[in-house]
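Asks: Quick one: sequence and predicted model below, then my questions.
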2 protein chains.
Amino acid sequence: MEKKTYIGIDLGATNLHFVLINQGNKILQEKVTPTPKETKKAINLIIATIKNFVQKTTAGIGIAIAGLVNQKEGVIYFAPNLGWRNVKLIKKIKRYFPELEIVLENDANAAAWGAYFLLGKRKIKNLICLTLGTGLGGGIIIDGKLYRGVNGTAGEIGHITINPQGLRCNCGNYGCIERYIGANYLVAEVKKEIKQNKKSVISKMVNYDLRKITPEIIALAAKKGDKLAKNIWENVGEKLGIILTGVINLLNPEMIVLSGGISGAVNFFIKELKGTLKKRAFAQSLKRVKIVVGKKNLGVIGVALLAKENN
Amino acid sequence: MEKKTYIGIDLGATNLHFVLINQGNKILQEKVTPTPKETKKAINLIIATIKNFVQKTTAGIGIAIAGLVNQKEGVIYFAPNLGWRNVKLIKKIKRYFPELEIVLENDANAAAWGAYFLLGKRKIKNLICLTLGTGLGGGIIIDGKLYRGVNGTAGEIGHITINPQGLRCNCGNYGCIERYIGANYLVAEVKKEIKQNKKSVISKMVNYDLRKITPEIIALAAKKGDKLAKNIWENVGEKLGIILTGVINLLNPEMIVLSGGISGAVNFFIKELKGTLKKRAFAQSLKRVKIVVGKKNLGVIGVALLAKENN
């Protein structure tokens, strides 16, 4: 049997992440580089890096992106963090690599597929993967298959309502969970509270320049025992617990994976999250679900595995 | 090819509903009779009626019940409305019909399976079926299969949270949607408002005996233009719309079926429900989902079809 390799690309607003994996899902080559602001430059960099990665054994390329995509046509409808709209990405790349299978997928779906292989070892057939970052994304594996829904938009856990009378969300709904625990909103909340003279080490950590506050800094402050920061994370845990209660009662999954940028702060919210689930979710369903923290590379490996799947 | 028939039984707290169907899903024989209060009497009546219905062509029996069941072992763990606990129903019935395949299923799952055949004609592969009654149940069809989750408890739409600080639900959670739109709670809400001297034709309709208020009477009052009754149903529509927004954003289904007792009042809440979905749900997902009202026999036919499936 011929040995094949696959390229995975995670196209983020901050970084472009490339991997080359073999059939045993092992990373042979890896590169992380800042994403050029301009769409054309970013696409050129992707093409140049693929040329660098591609081998005779390479049979497919997978590209993951945070946003709404049309998998079949390979079109990015809208990637809000990148500001891309209606980009025919696959067509542009295919021109240079006509012999390769190229697939496009939402990053949370790709991470779910990666979790299915790397964390569930293909034995856990029903799982949910959350990507906690600027947005709150989700991917669903059912019966060992990626579940996309009727027009490919399934998995939007971030847009389940936690407060019907709550704040307006970008999606048009009111009180979506993402509107409370997305990275930007956490940062905004901290800023607001500091401006209201709440005591916190964060002010000093950013040299009193509140624009420099990031989720990483809020996590660092929590580690130092800062009360404001700890409250922020506990609130994330409780809110996530309320939404996951509904998801567990509805889907009775075997595994829930927490991935994405904010999952690095999981130590500061996992206790509140699990406590909320214990208080609220069906006991029979809860006892069968494993809550697992996923590594950052689930998406980029997952999308390479999706390219493999299509081969 | 031999022509086979199947028996379906819907074991409700109020009525026992029996059907005999042929391979074309057509009802050949049907009976509805009050459910005896005592468990033993109810089981004896079920056995006697099966004897009456069974034919040489009969290959299987399906039994649907509102509650938590173990499909594999044929045990009713808990049926709250009947007050049944740990009843080994299939074993008891199998003794009399050893040659027949007998299956047990939660009534909302059975209704979803019925909807998949009767409403979706097996072409709509992903659908959600709600049973609106004393409780709010749900069944999920994914990829043309009944989705039960890892231990058979999937589909509990009624126990998604609509108000995290809300009223305690029977399940232990706070602010579940069922706690607001379940039949008993609707009735309790009307009683409370009438006692607080809210004007309503309902008082007169029940001869000032508030114990006689039922969802049917609230629907009838709404038909007469009663403001209190109309508000009650509009509130059902809005709350259901908020929860279904989350379900649509999460699962991107092709069809949502409203079935069960309260669905008879759908005319009084469908406008508010659809308005809420339009205001809140992802437009791309919403435009692809059909909202359909199901007949009362979806569950009883669905469970007969499940017996057929296992043959």
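Replies: Done, it's in. Bear in mind the structure is a predicted one, so any value in this text is a computation, not a measurement.
Asks: what separates residue A:280 from residue A:78, distance-wise?
Replies: Distance of residue A:280 to residue A:78, computed by Cβ to Cβ, to the nearest Å: 34 Å. Every C-beta, even on glycine, is put in place using the N, C-alpha and C of the backbone.
Asks: Where does the residue nearest the centre of chain A sit: helix, strand or coil?
Replies: Centrality entry for chain A: nearest residue to the mean C-alpha point is residue A:131, 2.9 Å, by Cα atoms, centre = their mean. For residue A:131, the assignment made with DSSP: H, G, I helix; E, B strand; the rest coil gives strand.
Asks: Quick one: residues contacting it.
Replies: Going by Cβ atoms under 8 Å, 6 or more residues apart in numbering or on different chains, residue A:131 touches A:66, A:107-108, A:111, A:137-139, A:259-260, A:299.
Asks: Of residue A:280 and residue A:78, give the one with the bigger neighbour count.
Replies: Counted by other Cβ atoms under 10 Å in any protein chain shown, residue A:280 and residue A:78 do not tie: residue A:280 has more neighbours, with 26 against 13.
Asks: For the contacts of residue A:131, which entry has the maximal number of neighbours?
Replies: Busiest of the contacts of residue A:131 [other Cβ under 10 Å] is residue A:299, holding 37 neighbours.
Asks: Confirm that it sits in a helix.
Replies: Yes - looking at residue A:299 with three-state DSSP, it is inside a helix.
Asks: mind listing what residue A:58 touches?
Replies: A:4-7, A:20, A:100.
Asks: picking up where we left off before, for the residue nearest to the centre of chain A, which residues make a bridge with it?
Replies: Per DSSP bridges, the residues bridged to residue A:131 are residue A:137, residue A:259.
Asks: Name the SS class of the residue in the stretch 101-250 of chain A that chain B sits nearest to, please.
Replies: Chain B sits closest to residue A:149 of the stretch 101-250 of chain A, with a gap of 2.5 Å, by Cβ to the nearest Cβ. Here residue A:149 is recorded as coil under three-state DSSP.
Asks: mind checking pLDDT for the nearest residue to it once chain neighbours are set aside?
Replies: Of all residues not flanking residue A:149 in the chain, residue B:252 sits nearest, at 2.5 Å (Cβ to Cβ, 6 or more residues apart in numbering or on different chains). Looking at residue B:252, its pLDDT reads 97.
Asks: Surely residue B:252 is in contact with residue A:140?
Replies: No - using Cβ atoms under 8 Å, residue B:252 is not in contact with residue A:140, being 9.7 Å away.
Asks: Name the residues contacting each of the two.
Replies: Common neighbours of residue B:252 and residue A:140 (Cβ under 8 Å, 6+ apart) are A:154-155.
Asks: what mean pLDDT does the helix or strand where residue A:186 lies have?
Replies: Using DSSP states H and E, residue A:186 maps to helix A:183-195. Averaged over helix A:183-195, pLDDT sits at 95.
Asks: List of residues touching the helix or strand just after that helix?
Replies: As assigned by DSSP H and E, the chain's next helix or strand after helix A:183-195 is helix A:202-205. By Cβ under 8 Å, 6+ apart, the list of residues contacting helix A:202-205 from outside reads A:190, A:194, A:210, A:213, A:217-218, A:220-221, A:226, A:228-229.
Asks: looking at it, residue A:230 is touching residue A:268, isn't it?
Replies: Yes - applying Cβ under 8 Å, one finds residue A:230 in contact with residue A:268, separated by 6.7 Å.
Asks: Give me the phi and psi for residue A:33.
Replies: When read as degrees, to the nearest 10, the backbone of residue A:33 gives phi -150, psi 150.
Asks: Tell me how far it lies from residue B:21.
Replies: Remark: distance between residue A:33 and residue B:21 (Cβ to Cβ) = 63 Å.
Asks: So for those two, which sits in the more crowded spot?
Replies: Neighbour totals were compared for residue A:33 and residue B:21, and residue B:21 leads with 23 against 11 (other Cβ under 10 Å).
Asks: Work out the gap between the host helix or strand of that one and the centre of the chain.
Replies: Residue B:21 is part of strand B:15-22, with elements assigned from DSSP H and E. Remark: strand B:15-22 is offset 16 Å from the chain centroid, using Cα atoms, centre = their mean, to the nearest Å.
Asks: swap in stretch A:185-199?
Replies: Distance, centroid of stretch A:185-199 to centroid of chain: 25 Å (Cα atoms, centre = their mean).
Asks: residues making contact with it?
Replies: In contact with stretch A:185-199 (Cβ under 8 Å, 6+ apart) are residues A:178-179, A:200, A:202-203, A:210, A:213-215, A:218, A:227-229, A:232, A:236, A:262.
Asks: Quick check: neighbours shared by residue A:230 and residue A:268?
Replies: residue A:222.
Asks: what about these two, which has more around it?
Replies: With neighbours defined as other Cβ under 10 Å, residue A:230 and residue A:268 compare such that residue A:268 has more, 21 against 18.
Asks: Find the nearest non-adjacent residue to the more buried one, please.
Replies: In space, and not counting its chain neighbours, residue A:268 is closest to residue A:233: 3.6 Å by Cβ to Cβ, 6+ apart.
Asks: to the chain's geometric centre, what's the distance from the helix or strand bottoming out on mean pLDDT in chain A?
Replies: One helix or strand of chain A scores below all others by mean pLDDT, DSSP states H and E: strand A:68-70, with a mean of 88. Here strand A:68-70 is found 15 Å from its chain centre; the criterion is Cα atoms, centre = their mean.
Asks: how about it: buried residues?
Replies: Neighbour-count burial for strand A:68-70 flags A:68-69 (criterion: 16 or more other Cβ atoms under 10 Å in any protein chain shown).
Asks: now for whichever helix or strand comes after that strand, which elements pack on it?
Replies: Using DSSP H and E, the helix or strand that follows strand A:68-70 towards the C-terminus is strand A:75-79. Packing contacts for strand A:75-79, counted by 3 or more Cβ pairs under 8 Å, 6 or more residues apart in numbering or on different chains; DSSP states H and E, involve strand A:68-70, strand A:84-87, helix A:89-94.
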